[in-house]
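Student: any chance you could fold what I've pasted below:
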Amino acid sequence: AYAAGITTTDISAENQTKLRSNSADANVDLTIGKVHMLKHVSGSTDGSSAFILLTFSETGGFTNDTYSSILTVLKLILSAKQYNHFVANYPALSSQSEVKFTGFRVKINPDERLNAESQTFHDADILRVEICSNEFADIPNTTPVPTQTPTPTTPVENPSTGDMNLVAVGTLATLALLGVYFSVQKIREN
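Tutor: Residues are numbered from 1 along each chain as shown. Take a look at the predicted model:
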């Protein structure tokens, strides 16, 4: 069976560690089937404002094999929240030359190639995923947060009695519902 891009089993433990690293010398160069990936770090030498750059090329042009390879690598590097944010904003390969959203820039054949990209890919079409980890704090929470519904209680100055008001309101509401239920039952019996 022909490999459909890069899968987790194609990436050695050593390369997985390098993929997660912000160190400038933690490069990964991997070719599986028609998909070729280069991981490179750009930015400050201490890794504080580093960009992780994942550059992909596919023999014969980009297909879903490239996209699935991107997702495989991102799943190893990112938190679940960051990964889901990427997928929500870039659900498939785009024909746009550049797609930007918080934490990420996806560029197809960027105007300027890095030396490593020029040496590795020469003139081939490339797709670069730039991971801007310094923006990750700005990624919105996509998981729904339950909103607190205000309870119809009067504002209470003493916080220790606040809980009692909620209990009282809850008890009254329950009793009222029970009363309605039993009234309906009584009417049905008659």
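
Student: where do the strands of this structure begin and end?
Tutor: If you assign secondary structure with DSSP state E, the strands in the chain sit at 28-32, 35-42, 51-58, 98-101, 104-108, 127-132.

Student: the residue nearest to residue 20 when sequence neighbours are not counted and residue 109, how far apart?
Tutor: Among residues not flanking residue 20 along the chain, residue 77 sits closest, at 5.6 Å (CB to CB, 6 or more residues apart in numbering). All C-beta atoms are positioned from the backbone trio N, CA, C, and that covers glycine. With distances taken as CB to CB, to the nearest Å, residue 77 is found 23 Å from residue 109.

Student: the spatially closest residue to residue 28 that is not a sequence neighbour bridge partners, please.
Tutor: Spatially, and ignoring its direct neighbours in sequence, residue 28 is nearest to residue 39 (4.0 Å; CB to CB, 6+ apart). According to DSSP bridges, the residues that bridge with residue 39 are residue 28, residue 54.

Student: who touches the nearest residue in space to residue 105 that is not next to it in sequence in this structure?
Tutor: Nearest residue to residue 105, sequence neighbours excluded (CB to CB, 6+ apart): residue 130, at 4.1 Å. Contacts were defined as CB atoms under 8 Å, 6 or more residues apart in numbering; by that measure residue 130 touches 51, 52, 53, 104, 105, 106, 107.
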